[in-house]
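Engineer: Okay, predicted coordinates and the sequence, questions at the end:
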Amino acid sequence: MIPQHRTNEVRMIPVAAIDVLNPRDRNKRVFEEIVGNIKAIGLKKPITVSPRTGQDGTERYLLVCGEGRLNAFRALGETQIPAQVVTVSDEDAFIMSLAENIARRQYRPMEILAVIKQMRDKGYSPKDIAKKTGLAGPYVADILTLLDQGEERLLVAVERGRLPISAALAIVGAGDDDKAVQAALQDAYESGKLRGQQLMAVRRIIERRQTLGRSSGRRRSRKVSDVSSSSLVRTYQREVERQRSTVMKAEFTQQRLLFVTSALRQLLVDENFVNLLRAEGLDTLPEYLADRVWSSGRTT
């Protein structure tokens, strides 16, 4: 547990005196909703801050929880905001801020990944991260494995519930071997972890991973560019193979169609066979097939 001391009353704190420890981006629509709600009914839950001394000796506060509410007050031109004051270290304030982000009912997939990465970069073990955030230990360890491999696309799919983390790890273990990746997907399908539309969605994620790289971010590094170039060659080769297979199937189908039309042509000159068809009400052919059986387009 994080040691902390809370005051018994909510204090009005100058907005300008609050520093944000762990700033994060926020969805514009969600932020506008926060601003609208506060403007309409006021602040329902105070923010949480921890007192600090500024470089010039003035009293300042470190924001622990409530960045969205604080920014909303700033957007509304407010100079004071209700705040619950806690006395904690910078490290504990940071952990409280991260844990609050995870505890929110809705969060973007990359946010929880960033939280885990930040804590790992600060020296926390998977066990410590799990304990402080309430996430399962094995889950945190698996997420860190994917983070270390730079597998942002797979990570986002895992966080959105589109891909089981065990299947993501199997895909990473397959490396750049397409057959091994397909085998991992097959295993996931046979075990019931991937079904129907979910399997198709994961296949599309794998294709983007192969052609665009493992990162889903907008940053473009030389390494990602190199990977994309080699992946493009592999994609081209797969497309050539797919088209070759399509041509072979078309040729096979054409041969079977020729065999069927030739056999029908021979059978339909047999009067007994034709009479049998008429007796069964089967004495007509579809137009497209009749055109092939009889060059004049005539039916039986």
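Structural biologist: Thanks, I have the structure now. Numbers count the residues shown, from 1 in each chain.
Engineer: quick one: low-confidence parts of the chain?
Structural biologist: 1-9, 22, 25-27, 98-112, 133-134, 215-232, 295-300 (pLDDT under 70).
Engineer: Tell me which stretches of it form strands.
Structural biologist: Using DSSP state E, the strands of the chain run over residues 11-14, 18-20, 47-53, 59-65, 80-85.
Engineer: Work out the sheet partners of the first one and label each with its direction, please.
Structural biologist: Right, the one you point to is strand 11-14. If you go by DSSP bridges, strand 11-14 pairs up with strand 80-85 (antiparallel).
Engineer: about what we covered before: looking at the strands of the chain, which is nearest to residue 183?
Structural biologist: Closest of the strands of the chain to residue 183 is strand 59-65, at 45.6 Å (criterion: CB to CB). C-beta: built from backbone N, CA, C; applies to glycine.
Engineer: Can you add mean neighbour count and distance to residue 266 and give the strands of the chain back as TSV?
Structural biologist: Below are the strands of the chain laid out as TSV (neighbours: other CB atoms under 10 Å; distance: least, CB to CB, whole Å):
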stretch	mean neighbour count	distance to residue 266
strand 11-14	16	96
strand 18-20	16	86
strand 47-53	19	88
strand 59-65	21	85
strand 80-85	20	92
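Engineer: Of all those strands, which one is nearest residue 129?
Structural biologist: Nearest to residue 129 among those is strand 59-65; the distance by CB to CB comes to 18.4 Å.
Engineer: so how far is the closest one from its chain's centroid?
Structural biologist: Counting by CA atoms, centre = their mean, to the nearest Å, strand 59-65 is centred 34 Å from the centre of its parent chain.
Engineer: okay, now the domains of the protein?
Structural biologist: Domain ranges of the chain: 1-107, 223-293, per automatic domain parsing.
Engineer: Tell me which of those sits most buried.
Structural biologist: Among the domains of the chain, domain 1-107 has the highest mean neighbour count (mean count of other CB atoms under 10 Å), at a mean of 15.
Engineer: picking that back up, now the strands of the chain in TSV, please, with extra columns for distance to residue 236.
Structural biologist: Formatted as TSV, those follow (distance: least, CB to CB, whole Å):
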stretch	distance to residue 236
strand 11-14	60
strand 18-20	48
strand 47-53	54
strand 59-65	51
strand 80-85	57
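Engineer: Nearest to residue 95, out of those strands?
Structural biologist: Among the strands of the chain, the nearest to residue 95 by CB to CB is strand 59-65 (9.6 Å).
Engineer: Taking strand 80-85 as reference, get the angle to that closest one.
Structural biologist: 80 degrees (axes from the mean of the first three to the mean of the last three CA atoms, to 10 degrees).
Engineer: Which neighbouring elements make contact with strand 59-65?
Structural biologist: Contacts defined by 3 or more CB pairs under 8 Å, 6 or more residues apart in numbering; DSSP states H and E place strand 59-65 against strand 18-20, strand 47-53, helix 90-103.
Engineer: just the helices in the protein please.
Structural biologist: Taking DSSP state H, the helices of the chain run over residues 28-41, 67-75, 90-103, 109-121, 126-133, 137-148, 152-159, 165-174, 178-190, 196-212, 222-267, 271-279, 287-293.
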